[in-house]
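Student: model this:
(4 chains)
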There are 2 protein chains.
Amino acid sequence: MSPSQRDLHDRDCSPGNWPGCDGTEQHADCIHCHIRHLTICGAFEPAELAHVERIVAHRHVTADHQLFEEHEPSEYVYNLASGAMRLCKLLADGRRQITGFALPGDFLGLATRGKYSYTAEAIGDVTVCRFKRAALMALFQRFPQMERRLLGLANDELAAAQDQMLLLGRKTPVEKVASFLFTLSKRLERLGRSGPIFTLPMARADIADFLGLTVETVSRSFTKLKGAHAIALPTPERVEFTNPHVLEALATGEITLQP
Amino acid sequence: MSPSQRDLHDRDCSPGNWPGCDGTEQHADCIHCHIRHLTICGAFEPAELAHVERIVAHRHVTADHQLFEEHEPSEYVYNLASGAMRLCKLLADGRRQITGFALPGDFLGLATRGKYSYTAEAIGDVTVCRFKRAALMALFQRFPQMERRLLGLANDELAAAQDQMLLLGRKTPVEKVASFLFTLSKRLERLGRSGPIFTLPMARADIADFLGLTVETVSRSFTKLKGAHAIALPTPERVEFTNPHVLEALATGEITLQP
DNA sequence: CGAATAGTTGACATCTTTCAATACGTGTGG
DNA sequence: CCACACGTATTGAAAGATGTCAACTATTCG
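Tutor: Numbering: from 1, shown residues only, chains lettered A, B, ... in the order given. All right, here's what the predicted structure looks like:
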């Protein structure tokens, strides 16, 4: 939010180990990558992965530091290997909108015409696979199925963006938070973290900027969801779906909370 | 908005003339299409257009009728040839969010995983080029540059969707309307309709559902923009940018209007 | 000419934000 | 091991902005 954050860049992260993908250190080991099937690399035969390994590098970003910034020339494309990131856009006076949260397997920096369309910040420490954009494009020439898969990813992102527009434009705070929890839960489930009970990777302030609300309203909405017995919060970060059906009905606006 | 609108489908529009593209009637004449350069067909050599002509059909949709509906299997993909369309999503109780407006040259029904992600309704009468999805995909196999162009289109749409999220989540009503007018103006300019003075294709209610506001608030925001001498409205549909710089500054939040 | 539709304006209600205070949890240092 | 301090989350009270309801105007179309 503050301009001073710009001084916090952490761009010279030296290559190191890769805790989110496997136990190896120093360089890429795509063949043993645990999240390959979740991302574009899943389009490759094991033998072809050698081509990917040749153009990939690993980077670490520490908590609250930026991987890249909006409007910066998009020389690189990234695949999130471990951790979580917030993707945000800023207004002149500091108002912030988070356009999405990246989880392991997500591609970053694709939706671009030469420049990044958002800033990517680490929530907690993060590991990414970095590709030089031009090298990846060259790879696409040889493996057209990769480009097709990329188109599928872009379409999925687009559909998610449209859902988020409906949320931002027309849902109430409780509906927004219910939708957010429901959607996040399904994403975490795909990553193998159990579905109806999980840990929020991001703080209330991030959730607020994602849903177009203030932290206070987010907090009050959590409280209302607790009151409706839709969720439980053993700690502020730990979420349990005590009544998923009610939560989903609240998220879609099928039912409303009275008081 | 009302469920009864579902009875208004106009799916059996017989093939007819194609006023938005050229003067011919009955069947496609892609070579003389005036908007080809604005869309995916611009990726073809004139000779290759014959392949496109073979799989395209024209359709007319009359005002306020649907071309396709959200959740419907997406058998077809469309290219808007003339007119304008609203792309909308509905909540159970009728709340509506317009995720975008389609103008000539825009592709419809791409961002999909088997089912359309929004409903497309005609604003006024409309002409579209219809492609069977499978046939278009087959064409992509032969012309990979077309797929690349499609990926570019998807990326542009994604960037626009992110801008819209910032608008919906964090901008004030006046900023929303100013942004909307500014962006629409640039799109119309590309289509050859003069930039700083143009006609709104859509009603206030559509603008409201696009910006996450009510008609009344949209109307009041127009009035405020008039008061700031940023725009003039000779008629409710006719917009003139009397001070584009002020309008842009208002749109980005750089300046604010005092009551 | 009258009815219908769309847009604008006004008065008021409501809900979210704002501002302020309190509670909670974690980590540090005595 | 406890006390304290800091950051985060929650709760409360008040203010303000947008939504709601209603009236009025303008334009279009029979």
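
Student: contacts, neighbours, all on C-alpha from now
Tutor: OK.

Student: Can you report how many residues lie near A:Q141?
Tutor: Per other Cα atoms under 10 Å in any protein chain shown, the neighbour tally for A:Q141 reads 12.

Student: give me the element it is part of.
Tutor: Remark: A:Q141 resides in helix A:133-142, with elements defined by DSSP states H and E.

Student: if I pick A:G124, what's in contact with it?
Tutor: Residues near A:G124 by Cα atoms under 8 Å, 6 or more residues apart in numbering or on different chains: A:62-64, A:83-84.

Student: Whichever helix or strand A:V52 is part of - contacts with which helices or strands?
Tutor: Take DSSP H and E as the rule and A:V52 turns out to sit in helix A:49-55. Contacts defined by 3 or more Cα pairs under 8 Å, 6 or more residues apart in numbering or on different chains; DSSP states H and E place helix A:49-55 against helix A:133-142.

Student: Now the helix holding A:Q141: buried residues?
Tutor: Neighbour-count burial for helix A:133-142, counted by 16 or more other Cα atoms under 10 Å in any protein chain shown, picks out A:133, A:136, A:139-140.

Student: from these, which single one is nearest A:D93?
Tutor: Within the buried residues of helix A:133-142, proximity to A:D93 (Cα to Cα) peaks at A:R133, which comes in at 32.0 Å.

Student: What degree of burial does the closest residue to DNA strand C within the stretch 101-250 of chain A show, as a neighbour count?
Tutor: Nearest residue of the stretch 101-250 of chain A to DNA strand C (Cα to the nearest atom of the strand) works out as A:L213 at 3.5 Å. If you count neighbours by other Cα under 10 Å, A:L213 ends up with 21.

Student: Now for it: which residues touch it?
Tutor: Shown in contact with A:L213 (Cα under 8 Å, 6+ apart): A:173, B:169.

Student: Any idea how many residues pack against A:D93?
Tutor: Counted by other Cα under 10 Å, the residues lying close to A:D93 total 12.

Student: Pairing partners for the helix or strand following the helix holding A:V52, with directions?
Tutor: Where DSSP H and E defines the elements, the next helix or strand beyond helix A:49-55 is strand A:56-61. The strands beside strand A:56-61 in its sheet (DSSP bridges) come out as strand A:119-132 (antiparallel).

Student: now the partner strand against helix A:133-142, angle please.
Tutor: Taking axes from the mean of the first three to the mean of the last three Cα atoms, to 10 degrees, strand A:119-132 and helix A:133-142 form an angle of 60 degrees between their directions.

Student: Alpha carbons of strand A:119-132, as PDB, please.
Tutor: The C-alpha trace of strand A:119-132 is given here as PDB (Å, rounded to 0.1, in the frame of the first residue of the first chain):
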ATOM      1  CA  THR A 119       1.700  -6.900  -8.600                       C
ATOM      2  CA  ALA A 120       2.500 -10.300  -7.200                       C
ATOM      3  CA  GLU A 121       3.400 -10.300  -3.400                       C
ATOM      4  CA  ALA A 122       4.400 -13.300  -1.300                       C
ATOM      5  CA  ILE A 123       2.100 -14.300   1.600                       C
ATOM      6  CA  GLY A 124       4.700 -16.000   3.800                       C
ATOM      7  CA  ASP A 125       7.700 -17.400   2.100                       C
ATOM      8  CA  VAL A 126       7.300 -18.600  -1.500                       C
ATOM      9  CA  THR A 127       9.100 -20.700  -4.100                       C
ATOM     10  CA  VAL A 128       8.600 -20.200  -7.800                       C
ATOM     11  CA  CYS A 129       9.700 -21.800 -11.100                       C
ATOM     12  CA  ARG A 130      10.900 -19.000 -13.300                       C
ATOM     13  CA  PHE A 131      10.700 -19.100 -17.100                       C
ATOM     14  CA  LYS A 132      12.100 -16.600 -19.500                       C
END
